[in-house]
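Trainee: Have a look at this prediction, sequence included:
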Number of protein chains: 2
Amino acid sequence: MTVTQLPLMDVAGRAGRLRDRFGSATIDALLVTRLPNVRYLTGFTGSAAIVLVGPHDMVFVTDGRYAEQAVDQLGAADVPARIEVRTSQAGQRDVMRDAAVAYRRLGLEAHGVTWAQQRAFAADWFAGAELVATEHLVEDLRRVKDPAEVARIQAACAIADDALGVVAPRLAGRPTERDVALWLELEMRDRGATGTSFDTIVASGPNGAKPHARPSSRPIETREPVVIDFGCLVDGYCSDMTRTLSVGDPGPEVRRMFDVVRDAQQSGRRVVKASADCAAVDKACRDVIEAAGWGDAFVHGTGHGVGLEIHEAPRVAATARDTLASGYVVTVEPGVYLRGTGGVRIEDTVVVTDDGAEVLTRFPKDFLL
Amino acid sequence: MTVTQLPLMDVAGRAGRLRDRFGSATIDALLVTRLPNVRYLTGFTGSAAIVLVGPHDMVFVTDGRYAEQAVDQLGAADVPARIEVRTSQAGQRDVMRDAAVAYRRLGLEAHGVTWAQQRAFAADWFAGAELVATEHLVEDLRRVKDPAEVARIQAACAIADDALGVVAPRLAGRPTERDVALWLELEMRDRGATGTSFDTIVASGPNGAKPHARPSSRPIETREPVVIDFGCLVDGYCSDMTRTLSVGDPGPEVRRMFDVVRDAQQSGRRVVKASADCAAVDKACRDVIEAAGWGDAFVHGTGHGVGLEIHEAPRVAATARDTLASGYVVTVEPGVYLRGTGGVRIEDTVVVTDDGAEVLTRFPKDFLL
């Protein structure tokens, strides 16, 4: 699969599935303000737009910077929205007020509007309507990826695999963490990625004890673990992979950390399938790490959904109440972090299937370079 | 000024200036949830933290991923906060509930909490307090940059200048827009930037008619305008610069667009000084473009503040009510966009002084390569 051969997505069909949820949410219409949701429903990739999804129509408002792009992108996706361009807040308000005048119960994305926006909507934009706090209506649709979406995530994962294949051998040359991060990003861009899906983590030696360390100017030494957590974007979709590598034998403690985390990751991955509880995936990882005596050193959840956002529903954690379904794309990424020593984390991005998990991140999990 | 010679910032002194505003905001304490504000007040650069600023103390809560980083960064900045690490929402709630129990009027950042968060705070976290919608209390402090902050923005601008100096001559080789974007990012990273301050825009020929176009695989041709809008990060602070270039004469219409935008940009820049109205800066730009008959083609505001965020207060626009003050850092970036032809935009990042503007983006504004 190369980036240029991506299958077409049925963007225009998504609004209908959203409308199917209006009844149970007891709303007449939904004001979509979260940009990943705007993109999902319309194909628009810009940084400013609001969409009012009514029972039979959609009104899309953006500002002057995006007039042409909105027409192009909604047209390309065949999305039947009325596009309005207003650069002032007052102008946007007037369009939306007129468009929403017939709706009695208007849904807002409670996680996607600020309290300040909600106050302005209630007092000014939609003073005649009852505003309803909806929870994740579009995000819940986005959990199940269709094959065209999976193809994008798969392409992004394949690019990351290839990039690490080129860069990993260079660790022996004592590069800085920043060098390695930059090389990975370059190789991913060279292969058609539009950017990184999050800030690349390259954390060597003691720096690895911080799960979300930033790449520093520290040179990577031999015989120490290097946590490399990175991903890229293909047509807006993210990849996410972590590998922990060492140039030369890092000694028995780190070797044991690696073995435990690899076993934990495999245990978690084996639980993944449609109808499995997210908490069970987390427990499968955590049990292995706890049995090794490092329960307190696994300081984060096991994983998260991946799609148009690098962190999306569902969470894969001890406190999660979600159940996996076919088409979900999630990460499985246990880790052990020891202050002074460093960290080991191993992460795959997988597609949930009826009877298991298809692993999209295929770079080998061997530890020693 | 190299990146390694950055002067120390007085991070610890900022909370005191915030507390000075509690009286007029009629709050006893402020719950700071916007991450750039958390960073400003504490030096913490991670992706998850909440800070309760009381009249005499600060409580900082993060999750397990950032336990070590929080101790390191708040310690390095000498910020006297009590640091608590809780990975569950319930655990974070319990810490904050206890810490806030004595406050009757608790400020939230109305632009920094979602409606869903505010509802959870009101019903569960802080049920005994009156929640007050505050507006931009920390953002307003952040408008005035101290010399150590300006030094960071200046370093980021200098890196961008140098990167464009290396990359601009390569436009003659018919690279794609994506190539140019990647080269710029590489050169900036090579010079010590930690990343881009926003997605780089390289928009050639007709693509330039979209002010926020994304770099495409279109090869850059001779005799057409190429809008290059980009910036980088130095210690969290952003730079922002746009230049429009052409390899060979693009013909009389584009030449005239360029002359008009350059004149407009200069006019706007000349109005910048302490006590000038932001709307007056916008008007100075807009008047020149309107006089040329292209008022409708200048489809965005003239500029914005730059700092820890690429877009921060104040806005520089026709509808802005802000007044500039010494130490503000803002952009001046008029443009003209003609469908089918392309775009011309010229942008500087400037520091407002008592009697004018110090331009930080020094790359020449010549048009022809």
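Mentor: Right, received. Where do you want to start?

Trainee: what's the pLDDT at the residue nearest to A:Glu185 when sequence neighbours are not counted?
Mentor: Using Cβ to Cβ, 6 or more residues apart in numbering or on different chains and skipping the chain neighbours, the partner closest in space to A:Glu185 is A:Thr196 (5.7 Å). Just so you know, the C-beta spots here come from the backbone N, C-alpha and C atoms, and that holds for glycine as well. We have a pLDDT of 95 for A:Thr196.

Trainee: next one: A:Thr2
Mentor: 53.

Trainee: Over to A:His212?
Mentor: Looking at A:His212, its pLDDT stands at 84.

Trainee: What is the neighbour count of A:Ala172?
Mentor: 12 (other Cβ atoms under 10 Å in any protein chain shown).

Trainee: what's the answer for A:Gly268, then?
Mentor: Neighbours of A:Gly268 using other Cβ under 10 Å come to 30.

Trainee: what residues go with each domain of chain A?
Mentor: Annotated domains of chain A cover A:3-142, A:147-359 [automatic domain parsing].

Trainee: what's the distance between the last one and the middle of its chain?
Mentor: This points to domain A:147-359. Its chain's C-alpha centre and that of domain A:147-359 lie 13 Å apart, by Cα atoms, centre = their mean, to the nearest Å.

Trainee: that older thread, looking at the domains of chain A, which one is packed in the most?
Mentor: Among the domains of chain A, ranked by average contacts under mean count of other Cβ atoms under 10 Å in any protein chain shown, first place goes to domain A:147-359 (a mean of 21).

Trainee: Would you check that the residue nearest to A:Glu185 makes contact with A:Val234?
Mentor: No: using Cβ atoms under 8 Å, A:Thr196 makes no contact with A:Val234, being 11.6 Å away.

Trainee: got the contact list for the closest residue to chain B within the stretch 201-350 of chain A?
Mentor: Nearest residue of the stretch 201-350 of chain A to chain B, counting by Cβ to the nearest Cβ: A:Val299, 3.0 Å away. Neighbouring residues of A:Val299 by Cβ atoms under 8 Å, 6 or more residues apart in numbering or on different chains: A:Pro211, A:Gly335, A:Tyr337, B:Asp63, B:Gly64, B:Arg65, B:Ala67, B:Thr87.

Trainee: I'd assumed the first one was in a helix, is it?
Mentor: Yep, that's A:Pro211 we're talking about. No: the assignment for A:Pro211, made by DSSP: H, G, I helix; E, B strand; the rest coil, is coil rather than a helix.

Trainee: Tell me the pLDDT of the residue positioned nearest the centre of chain A.
Mentor: The residue lying closest to the centre of chain A (Cα atoms, centre = their mean) is A:Ile310, at 1.9 Å. With respect to pLDDT, A:Ile310 has a value of 98.

Trainee: all helices of chain A, in order?
Mentor: Under the criterion DSSP state H, chain A contains helices at A:14-19, A:35-42, A:67-76, A:89-99, A:115-120, A:137-143, A:147-167, A:177-190, A:252-271, A:278-291.

Trainee: Tell me which of these sits nearest to B:Gly75.
Mentor: helix A:177-190 (21.2 Å; Cβ to Cβ).

Trainee: got the angle between that closest one and helix A:147-167?
Mentor: 130 degrees (axes from the mean of the first three to the mean of the last three Cα atoms, to 10 degrees).

Trainee: right, and A:Gly327 touches A:Lys145 too?
Mentor: Yes: A:Gly327 is within contact range of A:Lys145, at 5.2 Å (criterion: Cβ under 8 Å).

Trainee: so does stretch A:111-130 get close to chain B?
Mentor: Yes: using Cβ under 8 Å from any Cβ of the partner chain, stretch A:111-130 reaches chain B at A:His111, A:Gly112, A:Val113, A:Thr114, A:Trp115, A:Ala116, A:Gln117, A:Gln118, A:Arg119.

Trainee: swap in stretch A:14-29?
Mentor: No: counting by Cβ under 8 Å from any Cβ, chain B is not contacted by stretch A:14-29; separation bottoms out at 14.2 Å.

Trainee: which ones are touching the closest residue to A:Gly236 other than its chain neighbours?
Mentor: Closest residue to A:Gly236 apart from its sequence neighbours, by Cβ to Cβ, 6+ apart: A:Leu308 at 5.5 Å. By Cβ under 8 Å, 6+ apart, the contact set of A:Leu308 is A:Pro36, A:Arg39, A:Tyr40, A:Arg142, A:Gly236, A:Tyr237, A:Cys238.

Trainee: Next, the contact list for the fourth one, please.
Mentor: Just to be clear, that refers to A:Arg142. So A:Arg142 contacts A:Pro36, A:Asn37, A:Tyr40, A:Gly307, A:Leu308, A:Glu312, A:Ala313 (Cβ under 8 Å, 6+ apart).

Trainee: Any stretches of the stretch 51-200 of chain A with poor pLDDT?
Mentor: Within the stretch 51-200 of chain A, the set of residues satisfying pLDDT under 70 is empty.

Trainee: Can you name the residues of it sitting close to chain B?
Mentor: Close to chain B, as judged by Cβ under 8 Å from any Cβ, the stretch 51-200 of chain A has residues A:63-69, A:87-89, A:108, A:110-119, A:133, A:135, A:178, A:182, A:186, A:189-190, A:194-195, A:199.

Trainee: picking that back up, got the phi and psi for the residue nearest to the centre of chain A?
Mentor: Main-chain torsions, A:Ile310, degrees, to the nearest 10: phi -70, psi -30.

Trainee: isn't it right next to A:Asp240, touching?
Mentor: Yes: using Cβ under 8 Å, A:Ile310 is in contact with A:Asp240, at 6.2 Å.

Trainee: shared neighbours, the two?
Mentor: Counting by Cβ under 8 Å, 6+ apart, the residues touching both A:Ile310 and A:Asp240 are A:Ser197, A:Phe198, A:Gly231.

Trainee: Closest to B:Arg218 out of those?
Mentor: For those, the minimum distance to B:Arg218 (Cβ to Cβ) is 24.0 Å, reached by A:Ser197.

Trainee: check contacts around the closest one.
Mentor: Contacts for A:Ser197 (Cβ under 8 Å, 6+ apart) come out as A:Ala156, A:Gly231, A:Cys232, A:Leu233, A:Cys238, A:Ser239, A:Asp240, A:Ile310.

Trainee: before we move on, what about A:Glu109?
Mentor: Contacts of A:Glu109 (Cβ under 8 Å, 6+ apart): A:Leu30, A:Leu31, A:Val32, A:Thr33, A:Arg34, A:Asn37, A:Thr134, A:His136, A:Leu137, A:Val138.

Trainee: Thanks a lot, see you next time.
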